[in-house]
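J.: Got a sequence here, can you model it:
(2 chains)
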Amino acid sequence: MTWLTWRQFRAQFLVAAAVLVAATAYLLISGLDLRDKYHDLTAGCPDGGCADGSQLLDAYAFPYWTGSALVLLVPALIGAFWGAPLIARELETGTYRLIWNQGIGRGRWLTVKLLLVGVTAVTVTGLLSLLVTWFASPLDRLNHDRFTPLLFASRGIVPLGYAAFAVALGTCLGLFLRRTVAAMAITLAVFAAVQVLVPLAVRPHLEQPVHSVVALDAATLRSTRMLGFTGSHGPSATFVAGIAVPDAWMLSDSSPIRDSSERVLTFGTQPCANNSHDVPSEDCLAHANLHVAIDYQPADRYWPFQWIETAIFLALTAALTALTTWGLHRRLG
Amino acid sequence: MTAIVETRALTKRYGRRTALADCTLTVPAGRVVGLVGPNGAGKSTLLQLACGLLTPTSGAVEVFGRPPAADSAQLARVGFVAQDTPTYATLTVADHLRLGARLNPHWDAALADRRIRQLGLDPTQRAGRLSGGQRAQLALTLAVAKRPELLLLDEPVAALDPLARRAFLQSLMEFVAESESQATVVLSSHLVSDLERVCDHLIVLADSRVRADGEIDDLLATHFRLTTARRDADTLPAGMRVVHAEHTERQSTFVVRADAAVDDPSWVMDPIGLEDLVLAHLESSADSRPALEPQR
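T.: Sure thing, here's the model as predicted:
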């Protein structure tokens, strides 16, 4: 059965291997080059802390973002092109009537297929994730934004969970839809929906966010990502600041600025008002005794989140596989 | 007579459509059984129930006294050639034999190789590029080389031209002749002429019910065409069961079932061919259809 599965799967695997080899060659060359430039940039700066990495990030934006997107795209494609046809093609071409009458039970047939394709999918995605994580590590150190959905999903171990999930999803949909193309399309759609839903609605709540009140002193004001008013300049425009905690995941882009009596400041009530519509000067604001409240997931939760999310996707994989096994014995009768 | 396949009140429904209703029959050991009936009579459903591809809605089917496809040992004892003889289009002929060898414990590699050679199939040819007849032969090779005790064939020759059809049935007969412990074969078709050549037992299925079931020789010895002046069927002597009746203005023609021909100057009673015998049973089922309706 292993031989047959491999024989049926060979062509699809070779395509993946070719993509992997090409990606490896490109990222390896690009990555070594990147390391040289990173060393020049951070010479004398411990941990790259004092270097301005924006130029390097710009120069490597293409491999950085496409590499990350590829790690997320590969499980989706694997689900559609490896998972969905696994059972659907046998049903569509009628070959299930040939193979289910050989001296091997349907349960073992499915197990061998799922194991071989699933393990290959996880391995290919894992290698790609490892490669991209290695390539991007200097840029990730400069970027201080590991929780951005695309970057979180394309580093570390979560891609392994996505790959296993995608294969199980495609296989299950193929069994119940009985049409390869429909199963492929719906696999892609469901996988994409999950990848939108999880960072928006699930990942922020994996642990209770940290709530803290930050004083707007001179140092904080220098490191704000933004400072200004929401909407048009009128009494309804709130005065807000976007605070960045290094390497943490900020759950809101900006927070309303409050004064010492907890009053939310709006256009017109802000201190240090000048005659123009400009934002007040930071020097003046720093002495106005202002503060903002922020919610965030701190940097040290990165790996716990990676493990928890991987576990969630492996649990989904197990549930889908159980459903497929049940459907194979029941529904086709 | 040991039963190889036994069904009791076997019923299969797809949603509201009934594919097979209340079918009770027995397939005796060591026979080549023809399963004949019009399209949609439930032949395919019956065979797929017998090999475990389908599960019954109600009733029961047993093969070798056990539920079909219960485990791999049971699967290894039953060969199945599905309708349209599916094969893996991208796999070669040799790949198919390798598949059979790896998945079946009693695989007869010598038989498989010999058959492929005799058929003149190129082992490196992809199955998708074979002709319909060659593909059917490949599917049959896979099914017989696993050395099954029961071989089920679902309209294997329906899509073949007459030459390929004859070659296929020839191959089938060779398998039956050379199988050590006489294998049982069930072969479905809607053409009696195909079955007449190879079968020794016949089951006539119409409207998902068994209309006639027996050794072909017995069936032929007990069915007659009776031509007489116009008369009603119930005026015929007891012991004659009318299968089908046709009346013209002056003459009546009956197909009757009786133990032996009865000489009577008022009629002519002749033996009947297998094709006419089957047709009479199928037409009788069509006649009785309205009467059967309330029972379902």
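
J.: make it CA atoms for all contacts and neighbour counts henceforth
T.: Fine.

J.: And for the residue of the stretch 101-250 of chain B found nearest chain A, nearest residue in space, chain neighbours not counted?
T.: Using C-alpha to the nearest C-alpha, the single residue of the stretch 101-250 of chain B nearest to chain A is B:N104, 4.7 Å away. In space, and not counting its chain neighbours, B:N104 is closest to A:G103: 4.7 Å by C-alpha to C-alpha, 6 or more residues apart in numbering or on different chains.

J.: just checking, that neighbour is part of a strand?
T.: No: with DSSP: H, G, I helix; E, B strand; the rest coil as the criterion, A:G103 is located in coil rather than a strand.

J.: what about it, neighbour count?
T.: Using other C-alpha atoms under 10 Å in any protein chain shown, A:G103 has 26 other residues around it.

J.: so who does it touch?
T.: For A:G103, the contacting residues are B:72-77, B:103-105, by C-alpha atoms under 8 Å, 6 or more residues apart in numbering or on different chains.

J.: How confident is the prediction for A:T230, by pLDDT?
T.: On pLDDT, A:T230 comes in at 80.

J.: Quick check: which ranges of the stretch 101-250 of chain B have low pLDDT?
T.: Residues of the stretch 101-250 of chain B that meet the criterion pLDDT under 70 lie in B:180.

J.: Show me which residues of it sit near chain A.
T.: Proximity of the stretch 101-250 of chain B to chain A, by C-alpha under 8 Å from any C-alpha of the partner chain, involves residues B:102-105.

J.: still on that earlier bit, can you tell me which of the contacts of A:G103 end up in helices?
T.: If you go by DSSP state H, the contacts of A:G103 have B:72-77, B:103 in helices.

J.: What segments of the stretch 51-200 of chain B are strands?
T.: Remark: strands assigned in the stretch 51-200 of chain B by DSSP state E, counting those that start in this stretch are B:58-63, B:78-81, B:150-154, B:184-189.

J.: In a markdown table: those strands, plus mean neighbour count.
T.: A markdown table is the format used below for those (neighbours: other C-alpha atoms under 10 Å in any protein chain shown):
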| stretch | mean neighbour count |
| --- | --- |
| strand B:58-63 | 20 |
| strand B:78-81 | 28 |
| strand B:150-154 | 24 |
| strand B:184-189 | 25 |
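
J.: Let's have those in TSV, adding distance to B:H247.
T.: Shown next, in TSV, are the strands of the stretch 51-200 of chain B (distance: least, C-alpha to C-alpha, whole Å):
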stretch	distance to B:H247
strand B:58-63	39
strand B:78-81	43
strand B:150-154	37
strand B:184-189	30
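
J.: Please name the bridge partners of B:C23.
T.: Residues in a beta bridge with B:C23, per DSSP bridges, are B:L10.

J.: helix or strand for residue 219, which one?
T.: In the absence of a named chain, chain A is used. helix A:218-222 (DSSP states H and E).

J.: oops, I was thinking of chain B
T.: Following DSSP H and E, one finds B:L219 within helix B:216-222.

J.: Around chain B, pick out the residues from chain A.
T.: So far as C-alpha under 8 Å from any C-alpha goes, chain A lies against chain B at A:1, A:4, A:8, A:93-95, A:97-98, A:100-105, A:332-333.

J.: need the longest helix for the chain.
T.: Let's take chain A. From DSSP H, the single longest helix across chain A is helix A:2-42.

J.: my question was about chain B
T.: Under DSSP H, chain B gives helix B:162-178 as its longest helix.

J.: Return the set of buried residues in that one.
T.: B:164-165, B:167-169, B:171-173, B:175-176 (16 or more other C-alpha atoms under 10 Å in any protein chain shown).

J.: before we move on, what about stretch B:248-258?
T.: B:252-258.

J.: Helix or strand: which one has the residue in chain B sticking out farthest from the centre?
T.: The outermost residue of chain B, judged against the average C-alpha position, is B:P265 (38.9 Å), by C-alpha atoms, centre = their mean. Using DSSP H and E, B:P265 sits in no helix or strand.

J.: A:F147 versus that one, what's the distance?
T.: B:P265 sits 103 Å away from A:F147, going by C-alpha to C-alpha, to the nearest Å.

J.: residues touching B:L35, list them.
T.: Contacts of B:L35 by C-alpha under 8 Å, 6+ apart are B:43, B:186-189, B:202-205.

J.: ends of stretch B:150-159, how far apart?
T.: End-to-end distance for stretch B:150-159: 23 Å, by C-alpha to C-alpha.

J.: what comes into contact with that stretch?
T.: B:4, B:43-44, B:47, B:51, B:77-85, B:132, B:136, B:143-144, B:164-165, B:168, B:183-190.

J.: just stretch A:15-29 next, same as before
T.: By C-alpha under 8 Å, 6+ apart, the list of residues contacting stretch A:15-29 reads A:63, A:124, A:128, A:131-132, A:135.

J.: Mind checking the pLDDT average for it?
T.: 93.

J.: Repeat that for stretch B:30-43.
T.: Stretch B:30-43 comes out at a mean pLDDT of 88.

J.: Enumerate the positions of that stretch that are buried.
T.: Across stretch B:30-43, burial judged by 16+ other C-alpha under 10 Å covers B:30-38, B:41-43.

J.: can you check stretch A:186-203 too?
T.: For stretch A:186-203, by 16+ other C-alpha under 10 Å, it's A:186-188, A:191, A:195, A:199, A:203.

J.: Which single one of those residues is nearest to chain B?
T.: A:T187 (24.3 Å).

J.: A:T66: neighbouring residues, count only.
T.: 13.

J.: Name the SS class of the residue positioned nearest the centre of chain B, please.
T.: Taking C-alpha atoms, centre = their mean, the centroid of chain B lies closest to B:L35, which sits 2.2 Å from it. At B:L35 the chain is in strand, as set by three-state DSSP.

J.: what's the distance between the residue lying closest to it once chain neighbours are set aside and B:M173?
T.: Once flanking residues are discounted, B:L35 sits nearest to B:S188: 4.4 Å by C-alpha to C-alpha, 6+ apart. Distance, B:S188 to B:M173, by C-alpha to C-alpha: 15 Å.

J.: Local confidence estimate at B:S288?
T.: If you check B:S288, the pLDDT there is 60.

J.: Looking at the residues of chain A next to chain B, which is nearest B:I116?
T.: A:L98 (18.0 Å; C-alpha to C-alpha).
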